[in-house]
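*Asks:* coords below, sequence missing:
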Ligand SMILES: NC(=O)c1ccc[n+]([C@@H]2O[C@H](COP(=O)([O-])OP(=O)(O)OC[C@H]3O[C@@H](n4cnc5c(N)ncnc54)[C@H](O)[C@@H]3O)[C@@H](O)[C@H]2O)c1
């Protein structure tokens with residue numbers, strides 16, 4: 001059985017999850033054994049070892065070697081692949097280090113948070129022989145795979161119109177914890193819509209060429225002092241977004257949550273974009289993060305084709321296909337359980353198969369780059385009230 005030595009850079013919540021899923025996928029495929037042989041993270045070794053086994057995870061990294069400097073780890077270790085799971089603004093500089101050593105890579109999204117980083121990453125990808133899986137689990141979920149088959153069969157004709165939506169009840173994290181700092185995330189198009197633009201583009205199968213966008217901050221704002229923690233706020237017991245209410249409503253609250261009504265709370269709380277494709281097809285997409293009742297929420301797409309339509313919401317487990325000129329409506333039920341509607345399992349399986357030379361990446365770097373470009377241009381458009389061409393330039 002192939003032994004895969006994996007290095008993790010940034011062993012936080014997401015990378016712990018991805019590393020464990022990668023190990024589990026290799027075990028269930030019975031094609032490789034995955035070992036996290038090296039970890040690069042500024043947190044103390046003992047904390048990382050305990051963290052890897054906490055909260056229901058069972059990643060054993062007690063035999064790993066630990067580094068705080070990525071260059072040192074990459075120069076010392078013989079790795080088959082790296083997982084990069086730091087916070088967003090470090091993805092590009094760390095990915096370039098891995099790509100320049102031609103090591104295969106699982107790269108968290110967004111792949112870049114600035115145009116400058118995006119251009120540098122694109123250039124690094126072009127000069128590297130690394131194989132890359134970008135962390136876009138939605139594109140390999142059952143509803144997306146199934147929808148792609150239906151679209152490719154020609155049943156709904158050529159897709160000429162699309163509408164996508166994301167409204168999440170757990171949006172508090174974008175205003176209470178580290179995500180509230182836009183200098184780290186680059187804003188919520190890059191944080192959330194990057195997934196949706198990716199899977200919707202994959203389904204439409206056309207080249208996006210232009211975008212216009214708008215974003216608003218109507219709810220998650222206020223005059224509370226910068227850096228105020230909910231736990232230190234006298235209004236916590238009555239505040240609908242405070243940690244006390246969070247526990248009451250959701251059974252959980254943001255750890256060490258900061259005030260979402262403070263003067264330093266970043267991120268828009270809703271945003272919309274219209275994307276034009278090369279043949280004139282367009283997609284309208286909207287996302288919202290201030291709604292807290294699950295009944296208000298959803299994530300999905302409507303695709304209008306020349307012969308009919310296809311729509312699904314990841315949360316309802318049904319793909320509806322309707323033919324325009326025949327009285328035919330089909331409801332196709334899918335099961336999409338597990339993290340990211342089953343996408344994390346499928347994507348880490350693809351990562352393992354790619355490393356074993358069995359299949360190519362289903363989420364290559366080019367897809368991460370184009371999705372980040374769309375999000376960066378959406379942000380520019382929203383901030384400058386201007387249409388933006390989707391070209392790799394500032
Ligand atoms: N693909 C998805 O669906 C998905 C889901 C959740 C999160 N994410 C992304 O995952 C990323 C990480 O999120 P998280 O919640 O795990 O964050 P986190 O804060 O839990 O983890 C970040 C880790 O990086 C470490 N770190 C900091 N500086 C470092 C450096 N210079 N070198 C190496 N390690 C360093 C931190 O100590 C920490 O352990 C974010 O970019 C987020 O957008 C993606």
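*Replies:* That came in fine, so what should we check first? This is a predicted model, so every value here is computed, not measured.
*Asks:* how near is residue 133 to residue 24?
*Replies:* Look at residue 133 and residue 24: by Cβ to Cβ, to the nearest Å, they are 16 Å apart. All C-beta spots, glycine's among them, are computed from the backbone N, C-alpha and C.
*Asks:* show me which of those two is the more surrounded one.
*Replies:* residue 133 (29 against 18; other Cβ atoms under 10 Å).
*Asks:* helices or strands up against the helix or strand containing the more buried one?
*Replies:* Taking DSSP states H and E as the definition, residue 133 sits inside strand 132-134. Secondary-structure packing of strand 132-134 (3 or more Cβ pairs under 8 Å, 6 or more residues apart in numbering; DSSP states H and E): strand 104-107, helix 343-355, helix 365-384.
*Asks:* deepest of those, which one?
*Replies:* Using mean count of other Cβ atoms under 10 Å, the stretch among those with the greatest mean number of neighbours is strand 104-107 (a mean of 26).
*Asks:* just checking: what are the partner strands of it?
*Replies:* Counting by DSSP bridges, the strands paired with strand 104-107 are strand 81-84 (parallel), strand 132-134 (parallel).
*Asks:* let me see the mean pLDDT of the longest one.
*Replies:* Spelled out, it's strand 81-84. The pLDDT scores in strand 81-84 average 98.
*Asks:* tell me the residue of the protein that sits nearest the ligand?
*Replies:* Across the chain, the shortest distance to the ligand (Cβ to the nearest ligand atom) belongs to residue 12, at 1.6 Å.
*Asks:* give me phi/psi at the spatially closest residue to that residue that is not a sequence neighbour?
*Replies:* Nearest in space to residue 12, with sequence neighbours left out and distances taken as Cβ to Cβ, 6 or more residues apart in numbering, is residue 85 at 5.7 Å. Here is the backbone geometry of residue 85 (degrees, to the nearest 10): phi -130, psi 30.
*Asks:* wait, isn't residue 85 in contact with residue 8?
*Replies:* Yes - between residue 85 and residue 8 there is a contact under Cβ atoms under 8 Å: 6.7 Å.
*Asks:* average pLDDT across the strand holding residue 133?
*Replies:* For strand 132-134, mean pLDDT rounds to 98.
*Asks:* neighbouring contacts of the helix or strand following it?
*Replies:* Using DSSP H and E, the helix or strand that directly follows strand 132-134 along the chain is helix 142-152. Contact with helix 142-152 is made by 138, 156, 159, 199, 202-203, 205, 303, 305, 310, 312, 314, 317, 319, 321, 332, 334-336, 341-342, as judged by Cβ atoms under 8 Å, 6 or more residues apart in numbering.
*Asks:* please repeat the previous calculation with a cut-off of 6 Å.
*Replies:* Contact with helix 142-152 is made by 199, 203, 310, 312, 319, 334, 336, 342, as judged by Cβ atoms under 6 Å, 6 or more residues apart in numbering.
*Asks:* the helix or strand that it is followed by - contacts with which helices or strands?
*Replies:* With elements assigned by DSSP H and E, the helix or strand that comes after helix 142-152 is strand 159-167. With contacts taken as 3 or more Cβ pairs under 6 Å, 6 or more residues apart in numbering; DSSP states H and E, strand 159-167 sits against helix 194-204, strand 282-288, strand 298-305.
*Asks:* mind putting those into a markdown table with distance to residue 234 and mean neighbour count?
*Replies:* Listed next are those as a markdown table, based on distance: least, Cβ to Cβ, whole Å; neighbours: other Cβ atoms under 10 Å:
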| stretch | distance to residue 234 | mean neighbour count |
| --- | --- | --- |
| helix 194-204 | 38 | 24 |
| strand 282-288 | 29 | 20 |
| strand 298-305 | 36 | 20 |
